[in-house]
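S.K.: Fold the following for me, if possible:
(one chain, ligands or ions: 1)
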Amino acid sequence: MEKILNYIDGELRAPATDNWLDVMEPATATAYGQLSDSGVEDLELAVAAAGAAFPAWSQTPAEERGRMLRRLAQKIEAMSEPLALAESIDTGKPIAVTRKVDIPRAARNLHFFADAASQFASESHHMEAGAINYTLRMPLGVVACISPWNLPLYLLTWKIAPALAAGNCVIAKPSEITPVTAWLFSRLCQEAGLPPGVLNIIHGKGPGIGQAIVEHPAINAISFTGGSATGASIARTAAPEFKKLSLELGGKNPSIVFADADWESMMNGVVRAGYSNQGQICLCGSRVLVEASIYEKFRDEFVARVATLKIGDPLNEETEQGAIVSLPHRDKILDCIEQARQAGGNILTGGGASKPEADRCSEGWFVEPTVIDGLAADSACNQDEIFGPVVSLIPFADEEQALAIANGTRYGLAASVWSSDVSRCHRLAEQLQAGLIWVNTWMLRDLRTPMGGLKSSGVGREGGMEAMRFFTEPRNVCIKYR
Ligand code: NDP
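M.R.: Coordinates of the predicted model:
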């Protein structure tokens, strides 16, 4: 069985305690590897290595740091097929998706911040009183990047790339549930000649090593993507230590459909938004708000399309719906569906566990793509993040009601509006409480723009140069010359 080692000070190391965790393949429910269950000794080694590497890395010319990130991007591109396969096995996600989305986008993150490194600039302000201010943007030192299981390599690179580009040294912790692509990436870092200690990847459990990372006094900033409850717990630990925090958290995103939307592209977009990666993307549209005049027509066609999504072996090219990432998560999703049923919801399609045809997947963790309606906007199913292939339909009478329902949750990550009325789209964009608003599209991302949510969906939005700025501290210098 393959052993997934930590990457510390440029070396691949077993955990000091020699404790290991099983790594499971969701599609088959079998263990296929073992993962370092790291402890504080491993963390101390990583922090010491990162601290020792910081003076040289932060002094390395930005263009050279950019060249190193580009080399890493090219290594990912050269290894794209084995990485796509590994991520599909690790997450249960269809291989067509890991090939098309996860792996190319991970390389793109590194390319983007390779360019950004050389474009990063600080501000200067002239005062009439005869003085000039300029702002130095200094890297923070040793920073932590903690990422979740749903887009493992994409979200790991999204966090480490701006941190490294800005001259920091990083302790990264991928999710214990999906560690494989981070492990392969650490080998690519060795091949690319990344100086030892600049990036350290430590594996293990969130409440164990994750918590220890957050508490460590030498770690100056934490960039975290994950659930809102974990984010709140991290904030409670880090805030009294005055650590810099960026939290990208959960969502309960509305797709808002008006009668004047272009039917075909709307229907494709809303199905994709609901069920991509089995609904396990923070940006998924899990509440579909539909104008009452087209509700029945929409519902019937939506249900018919969802019912034909092909569930199957994630390694099969044709598969559209793969496995759910873990057994506890599958059971949580089924529990949410049961609660929705008990609350009076109509299960229009799906509603249970599923067994794909492939023999090797007979024990795997699959859930039928599910559509529910008939629930109040304030019911648990319409308020809580389920993070699975479960979409709830809610009719609305007019724009005002659509907006009230859309904004009526504690989350504020993303929203999509489907309409051909340009003025209405602008009006809604202004009033929707969401960090990311798409009009007649979904999940179209430009890396120059801020990423993240409002309310319980997070703080410290990152994106483009803002992401690099997060990983620096400003020092203003005021020079009086007259
Ligand atoms: P979790 O919050 O459970 O975990 C995220 C990461 O934090 C994992 O690496 C986890 O480790 C680690 N962790 C868990 N507990 C602690 C702790 N006490 N201290 C430090 N680290 C800890 O989220 P999931 O992995 O379940 O991911 C799904 C969530 O992520 C969803 O809510 C989703 O909406 C959100 N998300 C948000 C995105 C955004 O950009 N806003 C993007 C993608 C996902 P381990 O897994 O090993 O326990």
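S.K.: going forward, measure contacts and count neighbours with C-alpha atoms only.
M.R.: Will do.
S.K.: lowest confidence element among the helices and strands of the protein?
M.R.: Least confident helix or strand, the chain: helix 464-470 with a mean of 90, by mean pLDDT, DSSP states H and E.
S.K.: Beyond that one, next helix or strand please.
M.R.: strand 472-480 (DSSP states H and E).
S.K.: thinking again about what came up before, wait, does the least confident helix or strand of the chain contact the ligand?
M.R.: No: legend: contact between helix 464-470 and the ligand by C-alpha under 6 Å from any ligand atom is lacking; minimum distance shown is 12.8 Å.
S.K.: Excluding chain neighbours, what is closest to His126?
M.R.: Ile132 (4.6 Å; C-alpha to C-alpha, 6 or more residues apart in numbering).
S.K.: partners of that neighbour in the sheet?
M.R.: Bridge pairing for Ile132 (DSSP bridges) gives the partners His126, Ile479.
S.K.: Using PDB, write out the CA atom coordinates for stretch 259-275.
M.R.: C-alpha atoms of stretch 259-275 as PDB (Å, rounded to 0.1, in the frame of the first residue of the first chain):
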ATOM      1  CA  ALA A 259     -39.400  33.500 -17.200                       C
ATOM      2  CA  ASP A 260     -37.500  35.500 -19.700                       C
ATOM      3  CA  ALA A 261     -34.300  33.500 -19.400                       C
ATOM      4  CA  ASP A 262     -32.800  31.800 -22.500                       C
ATOM      5  CA  TRP A 263     -34.300  28.400 -21.800                       C
ATOM      6  CA  GLU A 264     -31.700  26.000 -23.100                       C
ATOM      7  CA  SER A 265     -28.600  27.700 -21.600                       C
ATOM      8  CA  MET A 266     -30.400  28.400 -18.400                       C
ATOM      9  CA  MET A 267     -31.500  24.700 -18.000                       C
ATOM     10  CA  ASN A 268     -27.900  23.500 -18.800                       C
ATOM     11  CA  GLY A 269     -26.400  26.000 -16.400                       C
ATOM     12  CA  VAL A 270     -28.800  25.300 -13.500                       C
ATOM     13  CA  VAL A 271     -28.300  21.500 -13.800                       C
ATOM     14  CA  ARG A 272     -24.500  22.000 -13.900                       C
ATOM     15  CA  ALA A 273     -24.600  24.400 -10.900                       C
ATOM     16  CA  GLY A 274     -26.700  21.900  -8.900                       C
ATOM     17  CA  TYR A 275     -24.900  18.700  -9.500                       C
END
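S.K.: I'd like to know how far the residue nearest to His126 sits from Glu473.
M.R.: Going from Ile132 to Glu473 by C-alpha to C-alpha, to the nearest Å gives 19 Å.
S.K.: For the stretch 151-300 of the chain, what lies in contact range of the ligand?
M.R.: 173-177, 204-207, 210-211, 214, 225-228, 230, 234, 248-251, 281-282.
S.K.: how about a cut-off of 5 Å?
M.R.: 174-176, 205-207, 210-211, 226-227, 230, 248-250, 282 (C-alpha under 5 Å from any ligand atom).
S.K.: Pull out the buried members of those.
M.R.: By the neighbour-count criterion of 16 or more other C-alpha atoms under 10 Å, those include these buried positions: 174-176, 205-206, 210, 226-227, 230, 248-250, 282.
S.K.: if we can go back for a sec, by contact count, what packs against the least confident helix or strand of the chain?
M.R.: Packing partners of helix 464-470 (3 or more C-alpha pairs under 8 Å, 6 or more residues apart in numbering; DSSP states H and E): helix 103-119, helix 152-165.
S.K.: Next one: Gly460 from Arg469, what distance?
M.R.: Taking C-alpha to C-alpha, one finds Gly460 at 11 Å from Arg469.
S.K.: likewise Leu199?
M.R.: For Leu199, the distance to Arg469 - C-alpha to C-alpha - is 19 Å.
S.K.: quick one: which of the two has more around it?
M.R.: Leu199 (29 against 21; other C-alpha atoms under 10 Å).
S.K.: ok now do that one, which residues does it touch?
M.R.: Tyr7, Ile8, Asp9, Gly10, Ala50, Cys169, Val170, Ile171, Ala172 (C-alpha atoms under 8 Å, 6 or more residues apart in numbering).
S.K.: quick one: which of these is nearest the ligand?
M.R.: Ala172 (9.0 Å; C-alpha to the nearest ligand atom).
S.K.: pretty sure the closest one is touching Asn200, no?
M.R.: Yes: judged on C-alpha atoms under 8 Å, Ala172 makes contact with Asn200 at a distance of 6.1 Å.
S.K.: returning to that earlier point: please identify the most buried of the helices and strands packed on helix 464-470.
M.R.: helix 152-165 (a mean of 26; mean count of other C-alpha atoms under 10 Å).
S.K.: Give me the next element, helix or strand, following that helix.
M.R.: strand 169-173.
S.K.: Buried residues, the helix or strand just after that following strand. List them.
M.R.: Using DSSP H and E, the helix or strand that follows strand 169-173 towards the C-terminus is helix 180-192. The neighbour-count check on helix 180-192 (16+ other C-alpha under 10 Å) flags Val180, Thr181, Ala182, Trp183, Leu184, Phe185, Ser186, Leu188, Cys189, Gln190, Ala192 as buried.
S.K.: The ligand versus the closest residue in space to the third one that isn't next to it in sequence, what's the distance?
M.R.: So the one you mean is Ala182. For Ala182, ignoring the flanking residues on the chain, the nearest one in space by C-alpha to C-alpha, 6+ apart is Leu153 at 6.2 Å. Per C-alpha to the nearest ligand atom, to the nearest Å, Leu153 is found 11 Å from the ligand.
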